[in-house]
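Asker: Here is a sequence with its predicted model. Questions after.
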Amino acid sequence: MATEKKIRVLLAKPGLDGHDRGIKVIAAALRDAGMEVIYTGLRQTPETIVNAAIEEDVDGIGVSILSGAHMTLFPAILDQLKKNGVSDIVLFGGGIVPNEDKLALEKAGVKRVFTPGAPIADIIDFVRTSVKRNRSDEKLM
């Protein structure tokens, strides 16, 4: 019989960006949708984000980058995931990201980049449909 297991998502603000209102709105929305959310706070490094994600056994990592450093920080997080042998955590995020950068990041392995104005329902839907646990006997809520 399948065990029901909540989707676990780690949210973080990498780099020097200090604007966290949006990610707090997303954290509340994901919690309201029945997910477990861990918010690591401001000014996290790619290493601390990935280490926390591994320790917390999360299904997804969502990051918010408004500083313009998205082409550095997203790849650094992907690199840390690879260095740690992690392939089952979905990386997604949001921020001020030009379309050409958004496409390049998604091609590099970021599963989705949401920009300002993205409907919260779309973000919840994305997390529910894209996050997959590595244990096939668990049913995600």
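Answerer: Cool, the structure landed.
Asker: Now do the buried residues in the host helix or strand of Glu47.
Answerer: Element membership for Glu47, per DSSP states H and E: helix 46-55. Of the residues in helix 46-55, those scored as buried under the neighbour-count criterion (16 or more other C-beta atoms under 10 Å) are Pro46, Ile49, Val50, Ala52, Ala53, Ile54. Bear in mind the C-beta positions are built from the backbone N, C-alpha and C, glycine included.
Asker: Kindly report the same for stretch 104-118.
Answerer: Neighbour counts using 16+ other C-beta under 10 Å place Ala104, Leu105, Gly109, Val110, Lys111, Arg112, Val113, Phe114 of stretch 104-118 among the buried residues.
Asker: Can you give the distance of it from its chain's centre?
Answerer: With C-alpha atoms, centre = their mean, to the nearest Å as the basis, the distance from the averaged C-alpha position of stretch 104-118 to the chain average is 10 Å.
Asker: May I have the distance across it, first residue to last?
Answerer: Criterion C-alpha to C-alpha, to the nearest Å; first-to-last residue distance in stretch 104-118 is 19 Å.
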